[in-house]
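Student: Need the 3D shape of this:
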Amino acid sequence: MSEHWLSVTEIAAHLGVNPDTIYKWVVRKKMPAHKVGRLWKFLASEVDAWVKGGLAAQETAKKRAKLRQPTAMNSKQPSQP
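Tutor: Sure, this is the predicted structure:
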């Protein structure tokens with residue numbers, strides 16, 4: 001038997017996230033998705049492998065590390081009088 005295609009709402013429920021998060025992950029994190037006309041469709045097995053492979057969290061971790069790096073403005077010492 002072949003695997004059933006899931007909608008955005010169904011895959012969001014499967015992962016326990018908001019459907020808006022799914023749209024963001026498709027664009028920003030390259031979540032495995034297939035466009036059928038105007039609709040996004042998902043195979044749970046592909047999405048599960050993507051999550052287990054660490055790709056869901058990978059980009060977020062990179063962004064957090066980048067945000068923690070001091071910038072030139074933040075690292076300047078206040079001038080002494």
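
Student: Do you have the strands of the chain handy? List them.
Tutor: Here the chain has its strands, by DSSP state E, at 34-36, 39-41.

Student: who does the last one pair up with?
Tutor: In this case it means strand 39-41. Within its sheet, and counting by DSSP bridges, strand 39-41 is paired with strand 34-36 (antiparallel).

Student: Could you give the separation of the partner strand from the chain centroid?
Tutor: Its chain's C-alpha centre and that of strand 34-36 lie 18 Å apart, by Cα atoms, centre = their mean, to the nearest Å.

Student: List the buried residues in that strand.
Tutor: Within strand 34-36, no residue is scored as buried using 16 or more other Cβ atoms under 10 Å. Every residue, glycine included, has its C-beta placed from N, CA and C.

Student: Could you do stretch 28-40 as well?
Tutor: Met31, Ala33, Trp40.

Student: centroid residue for the chain?
Tutor: Trp25 (3.6 Å; Cα atoms, centre = their mean).

Student: wait, isn't that residue in contact with Met31?
Tutor: Yes - here Trp25 reaches Met31: they are 4.1 Å apart, a contact under Cβ atoms under 8 Å.

Student: coming back round to it: pipe the strands of the chain into JSON lines and attach distance to Asp48 and mean pLDDT per row.
Tutor: Formatted as JSON lines, these follow (distance: least, Cβ to Cβ, whole Å; pLDDT from 0 to 100):
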{"stretch": "strand 34-36", "distance to Asp48": "15", "mean pLDDT": "95"}
{"stretch": "strand 39-41", "distance to Asp48": "15", "mean pLDDT": "97"}
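
Student: quick revisit: quick one: common contacting residues for Trp25 and Met31?
Tutor: When Cβ atoms under 8 Å, 6 or more residues apart in numbering defines a contact, the residues bordering Trp25 and Met31 alike are Ala56.
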